[in-house]
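Trainee: task: produce atomic coordinates for the following.
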Amino acid sequence: MTVDVDKQDRVTVITINRPKSKNAVDRETAEILSEAFKEFDKDLDSSVAILTGTGDVFCAGADLKAFSKDGKGNKISLDGDGPMGPTRLLMSKPVIAAVEGYAVAGGLELSLWCDLRVAAEDAVFGVYCRRWGVPLVDGGTIRLPRMIGMSHAMDLILTGRGVSGEEAKAMGLVNRLCLPGKALEVAMSLAQELLKFPQLCMRNDRMSAYEQWNMSLPEALLNETKLGREVIESGETKEGAARFSSGKGRHGSFEDI
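Mentor: The predicted structure follows:
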């Protein structure tokens, strides 16, 4: 299989496993990736997913060599899944990218699709497909400006240059930097942190943040309130208030939540 799925407690680790192709994604791999994330989203026993690549590369983008083979090139259609697989899906639960080495072209777009990015200090993000006339068709031209601002996005989109380390973090491409070889380990620790929180509240706040992009301010505020009421009516808020009243989590502590 070109994609490995490993469930560890309530975390699902989805790994692109095409090391000989620098984890580039062909049509079959894209389809498997998409199905893996759909299964994760339906899995009641899994609350966070991590996307990573085997070896020392996250993903080198679409497999351009596959374009010359019938039925192997990435499918580019106006509906259905994205060319790289899950990039048109909106998950109901958090996804973390664990990035080692290159996350470029479609690989960059896969990392942008994730909610958070943990990257090794020497990991490289870039629109390397600029060199070959391959367009961004997995959300790169939308998510880059929204995530890092138009000026930084244009720098990457127009020049195709790679960025890494502190520059990538300063741009907003990376949420956590780590030592080379430690991205998956740090991503797993981050996932464990997310598992500690009341899940419906976290998921609904996350969903409100995504859904507001297509709404006017009054519509977005109404949607936020509806999602918030759903949490309150579930009992999570009352239970959390009781824990706070008993002395938990004082002075900003997350140790006893």
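Trainee: for residue 176, give me phi and psi.
Mentor: Dihedral pair for residue 176: phi -140, psi 130, per degrees, to the nearest 10.
Trainee: er, residue 219 actually
Mentor: Here is the backbone geometry of residue 219 (degrees, to the nearest 10): phi -60, psi -40.
Trainee: measure it to residue 212 for me?
Mentor: 8 Å (Cβ to Cβ, to the nearest Å). All C-beta spots, glycine's among them, are computed from the backbone N, C-alpha and C.
Trainee: quick one, which of these two is more surrounded?
Mentor: Higher neighbour count among residue 219 and residue 212: residue 212, with 15 against 12, using other Cβ atoms under 10 Å.
Trainee: now do the contacts for that one.
Mentor: Contacts for residue 212 (Cβ atoms under 8 Å, 6 or more residues apart in numbering) come out as 220, 223, 224.
Trainee: list the buried residues for stretch 127-138?
Mentor: Residues of stretch 127-138 classed as buried: 127, 128, 129, 130, 134, 136, 137, 138 (neighbour count, 16 or more other Cβ atoms under 10 Å).
Trainee: ok, which stretches of the protein are helices?
Mentor: Under the criterion DSSP state H, helices of the chain are mapped to 27-42, 106-113, 140-148, 150-159, 165-171, 183-195, 199-211, 217-234, 236-245.
Trainee: centroid residue for the protein?
Mentor: Nearest to the mean C-alpha position of the chain, counting by Cα atoms, centre = their mean, stands residue 114 at 0.9 Å.
Trainee: count of residues packed around the nearest residue to that one once chain neighbours are set aside?
Mentor: Once flanking residues are discounted, residue 114 sits nearest to residue 97: 3.9 Å by Cβ to Cβ, 6 or more residues apart in numbering. Neighbours of residue 97 under the rule other Cβ under 10 Å: 28.
Trainee: you'd agree residue 97 is up against residue 108?
Mentor: No: using Cβ atoms under 8 Å, residue 97 makes no contact with residue 108, being 10.1 Å away.
Trainee: remind me which residues of the stretch 51-200 of the chain are low pLDDT?
Mentor: Residue ranges of the stretch 51-200 of the chain with pLDDT under 70: 68-71.
Trainee: what sits up against stretch 175-194?
Mentor: Outside stretch 175-194, the residues that reach it (Cβ under 8 Å, 6+ apart) are 8, 11, 13, 47-48, 50, 52, 56, 94, 96-100, 116-123, 165-166, 169, 202, 254.
Trainee: go again with 6 Å.
Mentor: By Cβ atoms under 6 Å, 6 or more residues apart in numbering, the surrounding residues in contact with stretch 175-194 are 11, 48, 50, 52, 94, 96, 98-100, 116-118, 120-122, 169.
Trainee: just stretch 231-238 next, same as before
Mentor: Applying Cβ under 6 Å, 6+ apart, the external contacts of stretch 231-238 come out as 198, 200, 201, 204.
Trainee: tell me the contacts of the second one?
Mentor: Which is residue 200. Neighbouring residues of residue 200 by Cβ under 6 Å, 6+ apart: 231, 234, 236.
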